[in-house]
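Participant: pasting the sequence and the predicted coordinates here, then a few questions.
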Amino acid sequence: MMHNADSTPSATTGLYTKHYNILQTIADRLRSGGPADVDALLEDTRRAMESYEICRTRLDAVRAELNAQIGRS
């Protein structure tokens, strides 16, 4: 579920980095007590799930590429 039409390595790395940083920010906020507003918590959860899916998809693609490269050795 990649949300980026441009799938060049630098574009996908940038997308991964962007969403990893979103996850890190939300995790830090939750560790420090989380948002006081329940609606903000809901929004954080929605954004985290979207970002997680993007990161997971990228990690799966990298894993597949690494496995392909290892298989060629």
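Facilitator: Thanks, I have the structure now.
Participant: for residue 35, which non-adjacent residue is closest in space?
Facilitator: Closest residue in space to residue 35, ignoring its immediate chain neighbours: residue 41 at 5.2 Å, by Cβ to Cβ, 6 or more residues apart in numbering. Quick note: C-beta positions are derived from backbone N, CA and C, even for glycine.
Participant: just checking, what packs against the helix or strand encompassing the one you found?
Facilitator: Secondary structure from DSSP states H and E places residue 41 in helix 38-72. Applying 3 or more Cβ pairs under 8 Å, 6 or more residues apart in numbering; DSSP states H and E, one finds that helix 38-72 contacts helix 9-31.
Participant: helix 38-72 and the helix it packs on, what's the angle between them?
Facilitator: For helix 9-31 against helix 38-72, the angle by axes from the mean of the first three to the mean of the last three Cα atoms, to 10 degrees is 140 degrees.
Participant: return the distance of helix 9-31 from the chain's centre.
Facilitator: 5 Å (Cα atoms, centre = their mean, to the nearest Å).
Participant: before we move on, the earlier item: distance of the residue nearest to residue 35 relative to residue 72?
Facilitator: Relative to residue 72, residue 41 is positioned 46 Å away (Cβ to Cβ, to the nearest Å).
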